[in-house]
Structure formats: C-alpha cells, structure tokens
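A.B. asks: based on what follows, work out the 3D shape:
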Amino acid sequence: MTGIPVLETERLILRPFELSDAADVQRYAGDYEVAKMTTNIPHPYEDGMAEEWIGTHEKQFVEKSELTLAITHKQEKYLIGAIGLVRIKKEHQHAEMGYWIGKPFWGKGYCTEAARAMLDYSFNSLNLNRVHANHMVHNPASGKVMRKIGMKYEGRLRKHFNKWGEYVDIDIYGILREEFPGLD
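C.D. replies: Below is the predicted model of the structure:
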C-alpha cells in the first residue's frame, strides 16, 4: 500500500495490513476475550469482516483520517494485533490511539512497545500536539499501557458506551507533545 508507514521497534514491525492477515485477524480479534475488551470489535467476527476492514485502510490513510497498522513479530513475522490512530484532525493536531492484541500475546509488553512507536510517529512525523486514548474500565491492562507510555488520566465518562447491551464506563488518557520524551 502506498505511503502507509512501516515502524520498527526492538521486537516488532508495525506495517500495513495485507489480505493474507485476514484469517489471523478473524481468529484473534474475534476471540470473545479480545472483543469484550474493546469498543469497536464485533462478536461474533463473521467471515469476510477482516477482509472488509483491511480493505478500508489505504483509503483512510490517503484521506488522512486514520492510520491502522498490523503489529507483527520482527523475527518470526506473525501477527500479534493492531494499532492505529483514528479521528486524526490535522487542523487541531490531535488524534485518538486504539489497539488490540491477540490473547496468546497478552502480558508480553508488545502493546506498550507498539504504542510508544505510534506516539513517536504521531509527534515526530505527523507533528501532532496531542494523542488521547480510552479504555473500558473492565480492561485495566489497557490503562496500564497508557500510563506506561506517559499518558495522563484525564477522566471517566460514566456509562458512555453500550457494549452488548450493558452500559460501561470509559477512562480517558492523553499525552501532549511536550510531555513525550525523545522528540527530534
């Protein structure tokens, strides 16, 4: 895909999704335990949904509204999850970060490593001033990632999201450009 960046960390490569990733996306994102931790992953994850989702990435990047990257293992190349920026607003120089990690890869620090790389790209390449993220309160591991990458807790939106018929609270975190270490 043209122009979509590839980011590299010590253990990971963050790259554009390919149609060949669809089966892994369906398996990992479609896992009930993964889907219940996110606001935007459906369950069940039907056949064809992964291909359709992957098919939207290039257009969204060209429109400068979203950037979605596959989190892959650097050495062994397998898919671990996804990370992205949504609601990129160049006029306000901010975006929202989101991510999911396949359950076999939970607790290994991959999400934190990928999120740091995405913040670096956000501030150094996109020249954003602010990146924010949120998580459902029943997913404290996601909040831990946000704190580890330097985001600050900004508040709670009570019963903000309806997940499978239940209203859940959302915690909001954010980081400003001047708070991120290692800027060029």
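
A.B. asks: and the helices in the protein?
C.D. replies: If DSSP state H is used as the criterion, the helices of the chain fall at 22-29, 32-35, 49-54, 57-62, 110-124, 140-148.

A.B. asks: just say which of those helices is most tucked in.
C.D. replies: Neighbour counts (mean count of other C-beta atoms under 10 Å) averaged over each of these peak at helix 110-124, with a mean of 22. Yep, even glycine has a C-beta here, placed from its N, CA and C like the rest.

A.B. asks: need the contact partners of it.
C.D. replies: Under the criterion C-beta atoms under 8 Å, 6 or more residues apart in numbering, residues 5, 7-12, 14, 69, 71, 80-81, 83-85, 95, 97, 99, 101, 128, 131, 142, 145-146, 148-150, 175, 177, 180, 182-184 lie in contact with helix 110-124.

A.B. asks: switch to 7 Å and redo it
C.D. replies: Defining contact as C-beta atoms under 7 Å, 6 or more residues apart in numbering, one finds that helix 110-124 is touched by 5, 7, 9-12, 14, 71, 80, 83, 85, 95, 97, 99, 101, 128, 131, 145, 148-149, 175, 177, 180, 182-184.

A.B. asks: narrow the residues you listed to those in strands?
C.D. replies: Members of those lying in strands (criterion: DSSP state E): 7, 12, 14, 71, 80, 83, 85, 95, 97, 99, 101, 131, 175.

A.B. asks: with adjacent residues omitted, what lies nearest to the first one?
C.D. replies: For Leu7, ignoring the flanking residues on the chain, the nearest one in space by C-beta to C-beta, 6 or more residues apart in numbering is Leu14 at 4.0 Å.

A.B. asks: run through the residues that contact the one you found.
C.D. replies: The contact partners of Leu14, taken as C-beta under 7 Å, 6+ apart, are 6-7, 69-71, 83, 114, 117.

A.B. asks: mind putting the ones in strands among the contacts of helix 110-124 into CSV with distance to Leu157 and pLDDT?
C.D. replies: As requested, the ones in strands among the contacts of helix 110-124 are arranged in CSV below (distance: C-beta to C-beta, whole Å; pLDDT from 0 to 100):
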residue, distance to Leu157, pLDDT
Leu7, 30, 98
Leu12, 30, 98
Leu14, 28, 98
Ile71, 27, 98
Ile80, 29, 98
Ile83, 22, 98
Leu85, 20, 98
Ala95, 18, 98
Met97, 17, 98
Tyr99, 19, 98
Ile101, 23, 98
Val131, 18, 98
Ile175, 18, 98
